[in-house]
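# my questions are about this predicted structure, shown below with the sequence.
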Amino acid sequence: MTALWLLPAIPVIISAAILLLPERMTKAVSLVGATVQFLAIILLTLCFLSERSDGDQSVFLFQQRIEWFSSWKIGLHFGVDGISIAMILLTAAVVTAGILVSWNLKQQQKEFFILLQLLAAGAYGFFISLDIFTMFCFLEIAVIPKYMLIGIWGSGKKTYSANKLALMLMSGSALILVGILFMYYQLPVESRSFDFITMAAHPLPLNIQLVIFPFIFIGFGIFTAIFPFHTWVPDGHSSAPTAGSMFLAGISMKLGGFGCLRVATTLMPEAAQYYSIPIVVIAAIAILYGAFATMMQTDLKYINAYSSISHCGFVLLGIGFLNHSGINGAVFQMVSHGLMTALFFAVIGMIYERTHTRKVSEMSGLMKSVPFISAIMFIAGLCSLGLPGLSGFPAEMTVFMGGWARSETVYRVVTIAACMSIVITAVYILRAIGTVMMGPIKNNSFAVLDKAAWNEKWAALILVTGILIMGILPYLLYSLVNPATGEIIKKLSKG
Amino acid sequence: MNNPGLYHMLFVSTALFFIGVYGFFTRRNLITMLMSIELILNSVCLNFIAFNKYAWPGKMDGLFFTLFIIAAAAAEAALAIAIIINLYRSHNTIDVNAAEEMKY
Amino acid sequence: MSEQSYILLIPLMPFLAFLLLGIPGKGAFSRTAGYIAGFAMLISAAISIYTAIGYFSDWGKLNGVYQQLNPVHYTWLQFTPDLSIDMGVLLDPVSVMMLVVISFISLMVHIYSISYMKGEERYNIYFSFLSLFSFSMLALVMSANIFQMYIFWELVGVSSFLLIGYYYQKPSAVAASKKAFIVTRFADLGLLIGILIVGFQAGTFDFRVLIEHLGNPGHEILTLRQNDFSPISWGMLLIFIGGAGKSAMLPLHIWLPDAMEGPTPVSALIHAATMVVAGVFLVARLFPVYYFSAWQVLPIISWVGVLSALFAAIIACTQTDIKRVLAYSTMSQIGFMMFALGVSGFGTEGLGFTASQFHLFTHAFFKALLFLCAGLVIHHVHSNEMRDMGGLKKSMPITHICFLIACLAIAGIPPFAGFFSKEEILMAAYERSKPVYWIALFTSALTAFYMFRLYFRIFWNANPHHESHHKEGPAGQLFTLIVLAAGAVVLGFIPFGNYVSTDGKPLSTGLHLVFSVAPVLLGLAGILTAFWFYKKQSDRADRFASGAGSLYQWAFHKFYIDEVWLFITRKIIMKGIGTSAAWVDKNIVDGAVNLSGNSTVRFSEKIKKIQSGKVQLYGLVYLVSVVLVVLIIIYFINRN
């Protein structure tokens, strides 16, 4: 099983196929491709689990290294641990669902699906790379298509949003690049390499870590909407086409969280300890502030975008706690938020296609006209407010547990503050759902709307299944993620 | 004092150079500017010859360079005139300030 | 897994019904849904009763003490090596009693609903939600782990939300459902933080271990007996806040009256008999911990309970919507259960605990009965308002009798069920706290008054301006009334102390005839007052009300507590914090981003002038720069 390189390669092959084949086959090719990819990833997960149960205790499985730029020791080094597997599964689900909801796209189909595939390639590559430079390259690959997705197929003030998003994410990348070059040059000359394993084997001195850590953490943090660098989120999400929003919130924001965990925290454990309190405080601010700001939004996409800021705060919060439960919670929250928010955006897209509005106040009583879509929206909303049985609950609880396990007062205060967000979340979710779905139908043109089509049903089904599996059987994800977290904790406690 | 030495040569060459530079920066007419450039080139040629004669009398490098410059200057003049003619055709003038499409 | 694993079927049956009825969506099973859900409930009620019989008479006892059994257990989500959310079943007298109450009342409500909800467009959805509720409530009371309980606690909340908002096209129902969810969610925040505090202090979330660690006199922290609030006390106080939210205690009760927007059987099941007593159940479940490790909280519990009972009773006297009157009476009765726990002792002094659970048990029956009767009445006159009712005793004889029985029971008139349980509560209060006792006594007189006000206004008084032609109600509904009425008559004779007590040992709760005189006489006085006011149409009550003046006005407006909450949420949280957060985001945070973008643009606007397109200028700049560079180089060379 050394075919990990196929993960990013498959989307590229699909894009090539889309490019060469006639336009009418575009959708079919990308759907088939994504499904194959999805199945391959499930197979990979099974292989991973069986390998683990056979007693393979190495941190990264299925490693494979191809020298790429040998004078700088940059290589295509792939390998997966439990966290990457979880992220890849999430990506596969979101990509497949995203392709399904874009089924009715009319304009420039070929380009659209090629860009989606490239984005997916970037994300897959990012999650499996064990070479920091290659990881960075894949990160960039995942950014550029977003600019075009928003700029070309977007709505509203799309140029502004696309610029803002690309510029802010690029500045994040710039910080990361500075950070990783700095790290590279800190290594002893003979073992200079961008390879993750090598870097991990040569821990940096504390004073150097303290300088580099903020660069990398904030750089990746921008991707995951760290306060106060979060403003690309609402504009970007609301201008993007449906699949674009799904990818943005479901996958891109996870790139940041994953990077914070894999690069910043694992390679610079002492600095992570040192900066732990600022991180959790900022995360708690993001959680509460995002939640309060959400309360005043009137556009469904803005509501979900701001709530994403709040929810992604939990990822950083969990990472900031730096203990088993906290980091597990961060990973859970990444998976949960990815699924849930993709579902939410998919539903908003479906509603928008029918009502041509996203203003909460202009809609009412949609439960009557589109029961299926409303039910799905309801599930997404309940997941967002952390209802047990859906994925949000185990994630948030695990993060809270992590916070409470740190006995210092600051962490407890922060945890309580973060707990408060579950009430505020309930307020804004119920306000949105109550107005949009319940009540009498005020606008008569919404009395009869198209029922959900097959592609919409499947898209929703894939994501809802994910949410339910994670919500009802959280120990599956736990057993996948926990050993990998254990390795990170081992690093942290060594320092 | 009767025999002109290196310093005299250099003085003439420098004067020639700055006259050229002055002309290049102040004249608006492209032909005059071209002429100024020729002056600058000539001052360089003069330098080469002077140094060749006084500093390394046994060598020919300076002379060769001068010949090269003359050839290059001829080519350059031809090219420049061609450009000027084209500019005149499109702008009906050979005033250098008229050709500022490449500004911000 | 053990031989009692069949208990899992109790919650599982309604869960399967929920899936079966809910997944196909609106319109499926349009005739059979009620029977399917009812059948599932029947099975789980049967298993519950079987379990109860087995537990109380056979395998529950060890050396004459009821055990806490944990027949099913597995880890659901691990946090740290010690702390995890486990899914398990915990059986003790309280949970077994609750299983019986919930599954039985739920069965009755299912049967009642089969005909009551007939013709609804979302018939199957109604039953699937009802099954979801039954599932979560049953699982809640069986929970072996406090976090597991929290999970089902939330699920109960959401199913209550779904059922209150069942008529989702009615704006008031939507508002009520949102209010209920958000208020209880707010209280759940307390519960969650309380769980975190207590769980970490005790090092476990498992009820049995928790109680073992914190709920026995030998524990080392307890030897201090300091009067300060220890972390555990704070945690237990927060847990109580969670319970108070669910059980509609002051000042978190505001959602309960509005929750009556749901279909009446739902009110009977969720907002009278089962879900709202979850708070009482929670406190009872953790009672040893309260008693031994957080005794400072117990007086708070008893005062909150008794004040809620009093407030609700006063408000109930002034309301005119019959479901709202019943809602306030529910709140008042839960107040009784709550303060009984607050004044309870442990072991042989644990009368309050037993009394509270006993009242919970009997109350479930007669309150469900009252609601189901009210449902019939409302269907009969098509209105919730008292003024549209009156003189119904002729046209609805069975309902009339059943309602009367329930009223007598709640008023505490012997030999009905409520008498026994309320006597025990009063007795417990009398022994441990006199002020609480006097307030409770007054409240129980008020209870008799407002219940009989309701009774006389509905069934006596004057005349029905609409002669109703239809029958009293379908046989299925009347059947449930009769069964519950029978329960309200006989259940008081159960020697409850033998089964449910703080420490599992039987507790003798003898009846003291002399003691009962005062409450019963006061109850009768309340009834007579109501009789005098409302038997016939008269202006006596109105004159009295205007005499009471502002007190009446305050009570009629529910002491303006809703308005205070509205002010806090709308004005302070939404307008104050929400708007300012949104403003800050738009103007300051985003402003900074835009500023950096704009200033870059402006800066390049400024410097682009240099790119003038004038060749000579370029040349000049070039020349000057070259000269400068040369000068600099010369300078540095010379310096060395």
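Ah, there it is. Numbers count the residues shown, from 1 in each chain, chains lettered A, B, ... in the order given.
# in the chain, which ranges drop under the pLDDT threshold?
In the absence of a named chain, chain A is used. A:1-2, A:495 (pLDDT under 70).
# please refer instead to chain C.
Across chain C (using pLDDT under 70), the flagged ranges come out as C:1-3, C:217-228, C:463-470, C:509-511.
# could you point out the longest helix of chain B?
helix B:61-91 (DSSP state H).
# relative to the whole chain's centre, how far out is that helix?
Its chain's C-alpha centre and that of helix B:61-91 lie 10 Å apart, by C-alpha atoms, centre = their mean, to the nearest Å.
# which bits of chain B sit near chain C?
Residues of chain B lying close to chain C by C-beta under 8 Å from any C-beta of the partner chain are B:21, B:24-26, B:33, B:96-97, B:99-104. Heads up, the C-betas are built off the backbone N, CA and C, glycines and all.
# one more time with 7 Å, if that's ok
For chain B, the contact set with chain C under C-beta under 7 Å from any C-beta of the partner chain comprises B:Val21, B:Phe24, B:Phe25, B:Val96, B:Asn97, B:Glu100, B:Glu101, B:Met102, B:Lys103, B:Tyr104.
# and the stretch 151-300 of chain A, by the same measure?
Going by C-beta under 7 Å from any C-beta, the residues of the stretch 151-300 of chain A near chain C are A:Lys164, A:Leu167, A:Pro228, A:Thr231, A:Tyr289, A:Phe292, A:Ala293, A:Met295, A:Met296.
# rerun that using 6 Å as the cut-off
A:Pro228, A:Thr231, A:Tyr289, A:Phe292, A:Ala293, A:Met295, A:Met296 (C-beta under 6 Å from any C-beta of the partner chain).
# could you give me the buried positions within stretch C:240-255?
By 16 or more other C-beta atoms under 10 Å in any protein chain shown, the buried positions in stretch C:240-255 come out as C:240-250, C:252-255.
# ignore what I typed, I meant stretch A:160-175.
A:Ser161, A:Ala162, A:Asn163, A:Lys164, A:Leu165, A:Ala166, A:Leu167, A:Met168, A:Leu169, A:Gly172, A:Ser173, A:Leu175.
# which residues touch that stretch?
A:143, A:147, A:150-151, A:215, A:218-219, A:222-223, A:232, A:235-236, A:239 (C-beta atoms under 6 Å, 6 or more residues apart in numbering or on different chains).
# surely C:Ile111 meets C:Leu481?
No: contact criterion C-beta atoms under 6 Å: C:Ile111 and C:Leu481 do not qualify, at 10.5 Å.
# what helices or strands is the longest helix of chain B leaning on?
If contacts are counted by 3 or more C-beta pairs under 6 Å, 6 or more residues apart in numbering or on different chains; DSSP states H and E, helix B:61-91 sits against helix B:30-54.
# just checking, what packs against the helix it packs on?
By 3+ C-beta pairs under 6 Å, 6+ apart, helix B:30-54 packs against helix B:6-26, helix B:61-91.
# burial of the one residue in chain C that gets nearest to chain B, as a residue count?
Closest residue of chain C to chain B, C-beta to the nearest C-beta: C:Gly613 (2.8 Å). Counted by other C-beta atoms under 10 Å in any protein chain shown, the residues lying close to C:Gly613 total 13.
# SS state for C:Ile568?
helix (DSSP: H, G, I helix; E, B strand; the rest coil).
# related to what we said a few turns ago, was I right about the residue of chain C closest to chain B contacting B:Lys103?
Yes: using C-beta under 6 Å, C:Gly613 makes contact with B:Lys103 at a distance of 2.8 Å.
# overlap of the contact sets of these two?
Joint contacts of C:Gly613 and B:Lys103 (C-beta under 6 Å, 6+ apart) do not exist.
# list the buried residues in stretch A:273-281.
For stretch A:273-281, by 16+ other C-beta under 10 Å, it's A:Gln273, A:Tyr275, A:Ser276, A:Ile279, A:Val280, A:Val281.
# give me the distance between the first one and A:Leu492.
Summarising the geometry, the distance separating A:Gln273 from A:Leu492, computed by C-beta to C-beta, to the nearest Å, is 7 Å.
# leaving out chain neighbours, which residue sits closest to C:Phe311?
Sequence neighbours aside, C:Leu250 is the residue nearest to C:Phe311 in space, at 5.9 Å (criterion: C-beta to C-beta, 6 or more residues apart in numbering or on different chains).
# what strand or helix carries the one you found?
Mapping C:Leu250 onto the secondary structure by DSSP states H and E places it in no helix or strand at all.
# distance check, it against chain A.
19 Å (C-beta to the nearest C-beta, to the nearest Å).
# related to what we said a few turns ago, now, which of the residues of chain B next to chain C lie within helices?
B:Val21, B:Phe24, B:Phe25.
# by neighbours, which of these wins?
Going by other C-beta under 10 Å, B:Phe24 tops those with 22 neighbours.
# circling back to that earlier point, C:His213: which of the helices and strands packed on helix B:30-54 is closest?
helix B:6-26 (92.4 Å; C-beta to C-beta).
# quick check: buried residues in that closest one?
Applying 16+ other C-beta under 10 Å to helix B:6-26 flags B:Met9, B:Leu10, B:Ser13, B:Leu16, B:Phe17, B:Gly20, B:Val21, B:Gly23, B:Phe24 as buried.
# pLDDT on that helix, on average?
Helix B:6-26 shows a mean pLDDT of 91.
# how many neighbours does C:Ile53 have?
C:Ile53 - counted by other C-beta under 10 Å - has 13 other residues nearby.
# show me where pLDDT drops low in chain B?
Across chain B (using pLDDT under 70), the flagged ranges come out as B:1-2, B:104.
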